[in-house]
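**Q** following is a predicted model, sequence given first.
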Amino acid sequence: MITQVIGPALPLLFSAFIVPFFRSIEKLENRVKVICTLSVISCLISLILVLIPGGILYLASQSEEGMYVKVVSESHFSELYVDVLSSFFIVLSLIVLLVSDIYSYKILRDEDLPEIYYSLIHLTVVGLYFIFISGDLISLFVAWELMSVSIYALIYIRRSNVLALEAGMKYLMMSAVASSLILYSISLLYGYTGTFDFSGIRDAVLRVRDIRTIWVAVAFMTVAFGFKSAIVPFHTWAPDVYQETLDPITALLSGIASKAGIYMIIRVYYTLVPIPQLRLALALLSAVTMTLGNVAALLQNDIKRLFSYSSIAHMGYILMGLASGTPLGFIAALFHSLSHALAKPLVFLSSGCFTYSIGSRELESLRGIGRKHELLSFSVVIGLLSLASIPGLSGFISKFMLIASAFEANLIWLAILGIINSAIGVAYYIRVIQYLFSTPKRKIVKEVKVPLGMIVPNIILTVLCIVFGLFPEPLIKYLALVAKQLNSIP
Amino acid sequence: MHAPLEILFGTSLALLGVGIYGILARRSLLRMIIALEIAFNAGNLSIISFALHFRNFDVLGRSAILILISTEACVLSVMLAVLINVYRVFKSIDVSKLRRLRW
């Protein structure tokens, strides 16, 4: 069983370690092309290993309450824990990695970045993979640091950009504080329960059921993981970092690295400390996050900054489903994670293509650019409409279920706030579309042809957005298993 | 014979407070990194105190502590690399001068 669980991470690790050696081969022509092909192939192999029958996705859906896997057979607790939730997030992260791998090729060649770029994005996803399958707090912490360290280096990999260095430093300091809080809350949970593994902690917490002491650890963890998923009041790094890094890294960060925080919040509130009274905190955070994200997005003129505030708002919507805690709420929150993880990289990458074409990120300078690139403007419109939750796309189904779940859990104020915020969201998405298709005031001066390698990822994501919007039933059926596995104990 | 739990755990809480205060109040990047290291070690000390008191510092506690310390060393080395980079670019490690990104 351990081969199926760890196996899909091995191609990613292999490519991450082999890529730096290509630097020493002097005669190799098209070095970037070779490295990119190798990375894409390794990512595809991992994706296939996850999806085949007998792979991790299939195994996780077979068991009643998730699988516990031991790496060291003598140890008295299991180091790895896999259920439908973790395999769902693994598939999500591999899809986003594949897309940003393909997109990175052109950037890597143009900007003359070091080859280690590809190792770093692969190591980020390896870290995410081990976060999703870890079954005790120590291996979770190590995987978390692997992901964080790779992201620190990725943010300012473009040395010439001074603003990226500043954003990266801001992110690093705040992320390190979050890590120290995670470590301290791990120690508190260890003190309460005497063990590091998930099932042991869960049993001990359910036996004692004393919120007065456990809420400190839960609060620390919420702060630390909420930081990574850019939940307001811990969001201040997100607009700066999303704005200044390269487009594929922004896609990776907003697409899946923020979902790692959401995953850990689900783990903390539903697997480790399954006490319903604590979930009111999630409802409050959700209300603040979506309101501030949407209102701040209305004011932006830089297209990447606008999308990063919208990314913060979407974290608020996801928390709305988690706060309700009903099976419908789970399905909705995970479905919304999927539709956000498809649509947000899509808009970041396709607006990155426009930026590449004209060399500016201001909304004003993008006026009329949509008329020139038909395919790209189609995909960016699909992405924006999916984020604005227009029927027929995946965003609509997930947001509909989110609001329904909030009504179901008697959080009526939250549901109404969600509807209002959704309306505000439509306002700024339509504003972007209007800029893209209005008549340009003056002729666009500088224009570069967008290469095919930058268009292909957008097409993949557009197709996925439409497919999950038109045929959501198989996914909903699969996600219903998550609700069953997590709610097996009230 | 070892120190009682109250003293060890109280020390770790105090260290966490010192670390967080240092990060918030100091303006020098180097001092912030030192404060971060103190905050990390607060967590380590807390784990050690619980392991000593409840489980007699068994293999699980010891191995966990070793893994955590080495992980933190990795994070710290990356931070120092960033510090050097910041110094080269800005000719200063004062974080109050890094204020170009706003809203």
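**A** Structure's in. What do you need?

**Q** tell me how far residue A:199 lies from residue A:313.
**A** 35 Å (Cβ to Cβ, to the nearest Å). All C-beta atoms are positioned from the backbone trio N, CA, C, and that covers glycine.

**Q** looking at these two, which one has more neighbours?
**A** A direct count of neighbours by other Cβ atoms under 10 Å in any protein chain shown for residue A:199 and residue A:313 places residue A:313 higher, at 24 against 18.

**Q** secondary structure element holding the more buried one?
**A** Assignment of secondary structure by DSSP states H and E places residue A:313 within helix A:303-324.

**Q** what about dumping the CA coordinates of that helix to PDB?
**A** The C-alpha trace of helix A:303-324 is given here as PDB (Å, rounded to 0.1, in the frame of the first residue of the first chain):
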ATOM      1  CA  ILE A 303      -5.000  43.800 -13.100                       C
ATOM      2  CA  LYS A 304      -2.900  41.300 -11.000                       C
ATOM      3  CA  ARG A 305      -3.700  43.200  -7.800                       C
ATOM      4  CA  LEU A 306      -7.400  43.100  -8.600                       C
ATOM      5  CA  PHE A 307      -7.300  39.400  -9.100                       C
ATOM      6  CA  SER A 308      -5.300  38.900  -5.900                       C
ATOM      7  CA  TYR A 309      -8.000  40.700  -3.800                       C
ATOM      8  CA  SER A 310     -10.600  38.600  -5.600                       C
ATOM      9  CA  SER A 311      -8.600  35.500  -4.600                       C
ATOM     10  CA  ILE A 312      -8.800  36.700  -0.900                       C
ATOM     11  CA  ALA A 313     -12.600  37.100  -1.300                       C
ATOM     12  CA  HIS A 314     -12.900  33.500  -2.600                       C
ATOM     13  CA  MET A 315     -11.100  32.100   0.400                       C
ATOM     14  CA  GLY A 316     -14.000  33.800   2.400                       C
ATOM     15  CA  TYR A 317     -16.600  31.900   0.300                       C
ATOM     16  CA  ILE A 318     -14.800  28.600   0.900                       C
ATOM     17  CA  LEU A 319     -14.800  29.200   4.700                       C
ATOM     18  CA  MET A 320     -18.500  29.800   4.500                       C
ATOM     19  CA  GLY A 321     -19.100  26.200   3.500                       C
ATOM     20  CA  LEU A 322     -16.700  25.000   6.300                       C
ATOM     21  CA  ALA A 323     -18.400  27.100   8.900                       C
ATOM     22  CA  SER A 324     -21.800  25.500   8.200                       C
END
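
**Q** so is it next to chain B?
**A** No: when contact is scored as Cβ under 8 Å from any Cβ of the partner chain, no part of helix A:303-324 falls within range of chain B; the minimum is 8.5 Å.

**Q** any stretches of the chain with poor pLDDT?
**A** Chain wasn't specified; assuming chain A. Low-confidence segments of chain A (pLDDT under 70): A:75-78, A:442-446, A:487-490.

**Q** oops, I was thinking of chain B
**A** Applying pLDDT under 70 to chain B picks out residues B:1, B:99-103.

**Q** re earlier: helices and strands around the helix holding residue A:313, which ones?
**A** Applying 3 or more Cβ pairs under 8 Å, 6 or more residues apart in numbering or on different chains; DSSP states H and E, one finds that helix A:303-324 makes contact with helix A:237-244, helix A:258-266, helix A:280-298, helix A:327-358, helix A:394-408, helix A:412-437.

**Q** tilt between it and helix A:280-298?
**A** Angle of helix A:303-324 versus helix A:280-298, following axes from the mean of the first three to the mean of the last three Cα atoms, to 10 degrees, is 160 degrees.

**Q** how about the strands in chain A?
**A** For chain A, applying DSSP state E gives strands covering A:67-69, A:80-82.

**Q** which of these is buried the deepest?
**A** Sort the strands of chain A by mean neighbour count, taking mean count of other Cβ atoms under 10 Å in any protein chain shown, and strand A:80-82 sits at the top with a mean of 23.

**Q** contacts made by that one with the rest, please.
**A** A:2, A:5-6, A:56, A:59-60, A:66-71, A:133-135, A:139, A:198-199 (Cβ atoms under 8 Å, 6 or more residues apart in numbering or on different chains).

**Q** are any of those buried, and which?
**A** Buried residues within the contacts of strand A:80-82, counting neighbours by 16 or more other Cβ atoms under 10 Å in any protein chain shown: A:5-6, A:56, A:59-60, A:66-69, A:133-135, A:139, A:198-199.

**Q** list the residues that contact the residue lying closest to residue A:472 once chain neighbours are set aside.
**A** Nearest non-adjacent residue to residue A:472, counting by Cβ to Cβ, 6 or more residues apart in numbering or on different chains: residue A:397, 5.0 Å away. By Cβ under 8 Å, 6+ apart, residue A:397 lies in contact with A:335, A:339, A:468-469, A:472.

**Q** farthest pair within these?
**A** Largest separation among these by Cβ to Cβ: A:335 and A:469, giving 10.7 Å.

**Q** pick out whichever of the two has more residues nearby.
**A** More crowded of residue A:335 and residue A:469, by other Cβ under 10 Å: residue A:335, with 26 against 22.

**Q** quick check: residue A:467 vs residue A:83, distance?
**A** Where residue A:83 is concerned, residue A:467 sits at a distance of 25 Å (Cβ to Cβ).

**Q** again, but for residue B:54
**A** Per Cβ to Cβ, residue B:54 is found 29 Å from residue A:83.

**Q** looking only at neighbour counts, state which of those two leads.
**A** Using other Cβ under 10 Å as the criterion, residue B:54 and residue A:83 rank with residue A:83 on top: 23 against 15.

**Q** what residues does chain A have near chain B?
**A** Residues of chain A lying near chain B (Cβ under 8 Å from any Cβ): A:138, A:141-142, A:145, A:148-149, A:152-153, A:156, A:162-163, A:165-170, A:172-173, A:176-177, A:179-180, A:183-184, A:186-188, A:190-191, A:194, A:196, A:239-240, A:243-244, A:296, A:299.

**Q** just the buried residues from these, in PyMOL please.
**A** Applying 16+ other Cβ under 10 Å to those, the buried members can be selected in PyMOL as follows:
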select buried, chain A and resi 138+141+142+145+148+149+152+153+156+165+166+167+168+169+170+172+173+176+177+179+180+183+184+186+187+188+190+191+194+196+239+240+243+244+296
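
**Q** out of the residues of chain A next to chain B, which are inside helices?
**A** Of those, the ones assigned to helices by DSSP state H are A:138, A:141-142, A:145, A:148-149, A:152-153, A:162-163, A:165-170, A:172-173, A:176-177, A:179-180, A:183-184, A:186-188, A:190-191, A:239-240, A:243-244, A:296.
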